[in-house]
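*Asks:* I need the structure of the sequence given here:
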Amino acid sequence: MNIEMNKNEDANKMGWGHLKRIFEKIEEGGGKKAIQKQRERNKLTARERIAYLLDKNHPFLEIGAFAGYGMYEEYGGCPAGGVVAGVGYVKGKQCVIVANDQTVKAGAWFPITAKKNLRMQEIAMENNLPIIYLVDSAGVFLPMQDEIFPDKEHFGRIFRNNSKMSAMGITQIAALMGPCVAGGAYLPIMSDETLMVEGNSSIFLAGPYLVKAAIGEITDNETLGGAETHTEISGIADYKFKNEEECLDHVKNIISKIGDFPKAGFNRIEPASPAKDPSEVYSIFPERNLKPYDMHEIIDCIVDASSFYEFKEGYGKTIICGYARIDGWAVGIVANQRLNIKNKKGEIQMGGVIYNDSADKGARFVMNCNQKKIPLIFLQDITGFMVGSRSEHAGIIKDGAKMVNAVANSVVPKITFILGNSYGAGNYAMCGKAYDPRFIYAWPSAKIAVMGGEQAAKTLWQIEAASLKAKGKEITPEYENQFLRKMTDKYASQTSALYAASRLWVDAIIDPKETRNIISENLAAANHNPHTAEFRTGVFQV
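*Replies:* Just a heads-up that it's a prediction; the model follows:
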C-alpha cells in the first residue's frame, strides 16, 4: 500500500471513529441518571427492549441513530430523536421496530421524533414488513406543539398511517411498557394487537391531572387507564403481563405465527465474495475527497466477483452504469465517476459532473432496470450537472430532465449511498431523499448541499460586493477574506453527513466497509413487497 492510500485509510477510519464516539454518547439516551430511574421502576431501556426482541444471529440495521443531534439544545437535546428504531429479525422474520426512549424527556415527541416515526412507518409500508411499537411516551413535547401537532407530516399522520397499514394487511403490534397519553393513545388501539404490563403501562386520552382540571374527578393512572382497566373493563387491550420480559416474549410468539406472503421475486443466486476486500474502500476513497479516484475500484469492493457488466462502457463516462450481483442479488448500479475523462474530441470531462451524454445514458439504464425488474443501487459522489454556455446550448437541462424523470418514475426498489459530494440537481438525478429511495445512507465523508462551500462562498461574495459597490462602500481585502471564511465555515457545518443524519435527510451514517452487507439486507426487505406499479415516464423532451 502506497503513502497516499495509507493517508486515505487513516483519514476514513478516523472519520468513522469520530462518529462512533458520538453514537456511544447517543446510546446513553437521556443519561445515566435517567437510566437508573428506569431500573428502579423495573423497566428496561428502549435499546434493551429491542435487544431482547431480536434474533441474536441476524443483523439489526438502526435507522435515525443521529436524529436530533445538535438540535433542541435549549431544551437539553433529544438523543436519537427520543426513539430507537430499525429493521431487524424477530423469530426469523424481518420487522420494523420502533421504541420510545422514556429516558429522553419522558419519551415526549419533538418534531424530529414525529419525522422519525413516520419514516419507520414508511419503511414498513414500502417493504410490506410487520411493525412492532414499544410504547413508553408522555406524548407531545408541549413547548413545541405548534411544530408537531397540526400539519400533514406531523403527529396525526402516525394514526393515519396505522389505518392505511391495517388496510394493506401489514401486521402492527403495540406493546405498552409505560404511558401512552392523549392523541398517542390511538396508536396501540389502531394496531392489530395491544399488550400491556401491569403497574407500568397506561392508556388514556387525558391523565389524572387533566381529568381533575376538566371535570373535577379525582382518579389515578391505574384506575383511569391501567392494564387491568383496559383488559377487564374497557376491552381496549388484548393481553396483560407481570413484567416486560413476559410481554416481549408474547410479541415474539405472535410474530412467529405470521404466515408467508408472496414475494417480489427479485433474482438471487448463490453469492460470491467481492474481488476486493470491502475494507479496501478506506484506502481507495481519497482523504477529504480532494482527489480523483476510480469508482470501479469502489464497486469491486461491493459486488460479487466477476459479476459487474458495464452498460455503454465507452459512452457518457462520467456516469458508470452496469448490471451486477451483490450477495447474490441481481442489481443495477448507477455511480458517478470521479476520474477526469478525455472524450473522443480530446476534451477533458471533469469527474463527478453529469454531462449530456452521461445523463442520457443514466436515464436509459434506469428504464432498462425497470423493464427487467432489477433493483437500482445509486453511488453518489457528484458536484452537479455541467454548466456554461456550451452545455446550455447543447440542452443539458433537457438531458438532465430525462434522467430525473426516469429516476422519479422508477418503480423498482432504489437504494442510495452518498459517498462524497451530493450537490445541486445531481442529488436529484442520483436519487436523493426527494426521489423516494427505499433506503438512503451516507458515508462519514458525505456532503449534501446546493453547491460546495467554496463555490457558495464565492457566489455570495459576488452578490455582497455588488451590493457594497452600489452603496459606495469600500471593499477591503480583509473584509473579503473574513466574509469568505465565514461563509465557507457555515457551509462546512451544514453540509456534513452528521448534519444530514440529524435531520433525517439520510437514514443512517454507515461504516463504508458495511455497504455490501447493508444492500443485501435492504434487498431482502424490499423483496417482501410484491406490489409493483407499472413503470411509466411521461413526456420527454427530445
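*Asks:* relative to residue 56, how far out is residue 48?
*Replies:* Note on residue 48: its distance to residue 56, by C-beta to C-beta, to the nearest Å, is 14 Å. C-betas here are computed from N, CA, C, even on glycine.
*Asks:* which helix or strand lies directly C-terminal to whatever helix or strand residue 213 lives in?
*Replies:* Residue 213 is part of helix 208-215 when elements are defined by DSSP states H and E. Next helix or strand after helix 208-215 toward the C-terminus (DSSP H and E): helix 221-225.
*Asks:* now do the buried residues in that next one.
*Replies:* By 16 or more other C-beta atoms under 10 Å, the buried positions in helix 221-225 come out as 221, 224-225.
*Asks:* possible to save these as a markdown table with distance to residue 379?
*Replies:* Listed next are these as a markdown table, based on distance: C-beta to C-beta, whole Å:
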| residue | distance to residue 379 |
| --- | --- |
| 221 | 52 |
| 224 | 54 |
| 225 | 50 |
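*Asks:* circling back to that earlier point, please name every helix or strand in contact with the helix holding residue 213.
*Replies:* Secondary-structure packing of helix 208-215 (3 or more C-beta pairs under 8 Å, 6 or more residues apart in numbering; DSSP states H and E): helix 221-225.
*Asks:* the helix it packs on: what's the following helix or strand?
*Replies:* helix 227-232.
*Asks:* low-scoring stretches of the stretch 151-300 of the chain, by residue?
*Replies:* For the stretch 151-300 of the chain, the stretches with pLDDT under 70 are 183.
*Asks:* quick one: the helices in it, in order.
*Replies:* Using DSSP state H, counting those that start in this stretch, the helices of the stretch 151-300 of the chain run over residues 157-168, 186-189, 208-215, 221-225, 227-232, 244-256, 281-284, 295-302.
*Asks:* so what pLDDT did residue 462 get?
*Replies:* Model confidence at residue 462, given as pLDDT, is 89.
*Asks:* any idea how far residue 328 is from it?
*Replies:* According to C-beta to C-beta, residue 462 stands 52 Å off from residue 328.
*Asks:* quick one, which of the two is more surrounded?
*Replies:* A count of neighbours by other C-beta atoms under 10 Å puts residue 328 above the other of residue 462 and residue 328, at 15 against 9.
*Asks:* which residue packs closest to the more buried one, ignoring adjacent ones?
*Replies:* Leaving aside its sequence neighbours, residue 328 sits nearest to residue 271 (C-beta to C-beta, 6 or more residues apart in numbering; 3.7 Å).
*Asks:* how close does that neighbour sit to residue 372?
*Replies:* 20 Å.
*Asks:* so where's this protein uncertain?
*Replies:* 1, 183, 542.
*Asks:* buried ones in the longest helix anywhere in it?
*Replies:* When the chain is parsed with DSSP state H, its longest helix is helix 3-26. Residues of helix 3-26 classed as buried: 8-9, 11-13, 15-16, 19, 23, 26 (neighbour count, 16+ other C-beta under 10 Å).
*Asks:* and if you look at stretch 276-287?
*Replies:* For stretch 276-287, a neighbour-count test (16+ other C-beta under 10 Å) marks 276, 278, 280-287 as buried.
*Asks:* and for that stretch, what's in contact with it?
*Replies:* Contacts to stretch 276-287, defined as C-beta atoms under 8 Å, 6 or more residues apart in numbering, come from residues 1, 5-13, 292-294, 297-298, 300-302, 419-420, 443, 445, 512-516.
*Asks:* what sits against residue 523?
*Replies:* Residue 523 sits next to 266, 326-327, 329, 331, 375, 413, 415 when contact means C-beta under 8 Å, 6+ apart.
*Asks:* swap in residue 403?
*Replies:* 354, 359-360, 362-363, 366, 429.
*Asks:* whichever of those residues end up buried, select them in ChimeraX.
*Replies:* Here is the ChimeraX command that selects the buried residues among these (16+ other C-beta under 10 Å):
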select :354,359,360,362,363,366,429
